[in-house]
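Asker: My questions concern the predicted model and sequence given below.
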Amino acid sequence: MDKNRLCTALYALPGDIVVKHRKPLLVPLLLAAAGAGLLGLNAFLEDAALNNLKSAIALVGGTLLVIGAVWALARLSGSQGTPYHRPSRSFMRFEELYFDRSLRGEVTGRIADGDLEGLLRMPRQSIPAVAVMVCRTRDNALAACQAFEYAELEYKPLCEMKVMDKA
């Protein structure tokens, strides 16, 4: 199962409706700023009766600062973007859906028919006998998916990759 094949098929759609886009840095930077703010607050507290509170604020502030900084650096250093759907202004999400082997025909039929909602409503299980890799928008307006069967210690494709576009 290869995410890159799904992404490549989505990027190749006409009109550049799906493009590579980095996720924003706002949340990691806000987290780091909150941590720095707590550390600053800790510096202003000088009452000896507040030592336990000061320790807790320092711990939480330092942790938030480190997590936010590492998260921001990870987003900056990543060379690849994430599929971004321009019309809905949202990032596409990846999912792996697992089904019972007895539903193999129904799964491939729904993919061939472009019935993503029906596929998402089907009963799932936790063992990946039949796995479907899906990359979709929040509102399911656009999706790419392919079904695989786990056999002989590897995933073998059950059907061709299908791009489902409601537009």
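Answerer: Received it, and whenever you're ready, just let me know what you need.
Asker: what residues are up against F148?
Answerer: Contact partners of F148, counting by CB atoms under 8 Å, 6 or more residues apart in numbering, are M1, V130, A131, V132, M133, Y155, K156, P157, L158. Heads up, the C-betas are built off the backbone N, CA and C, glycines and all.
Asker: roughly how far apart are it and V132?
Answerer: According to CB to CB, to the nearest Å, F148 and V132 sit 7 Å apart.
Asker: Which SSE is immediately downstream of the longest helix belonging to the chain?
Answerer: Criterion DSSP state H: the longest helix present in the chain is helix 51-77. Sequence order places strand 82-85 as the next helix or strand after helix 51-77, per DSSP states H and E.
Asker: could you say what helices and strands that next one packs with?
Answerer: helix 3-11, strand 18-21, strand 90-91 (3 or more CB pairs under 8 Å, 6 or more residues apart in numbering; DSSP states H and E).
Asker: out of these, nearest to M164?
Answerer: Distance to M164, taken as CB to CB, is lowest for helix 3-11 among the helices and strands packed on strand 82-85, at 10.9 Å.
Asker: buried sites along the helix or strand containing G105?
Answerer: Using DSSP H and E, G105 sits within helix 104-113. Buried positions in helix 104-113, judged by neighbour count with 16 or more other CB atoms under 10 Å: R104, V107, T108, R110, I111.
Asker: Just name the closest of those to P83, please.
Answerer: Relative to P83, the closest of the buried residues of helix 104-113 is I111; by CB to CB it sits at 18.7 Å.
Asker: where does the protein dip in pLDDT?
Answerer: The model of the chain has pLDDT under 70 over residues 1, 79, 167.
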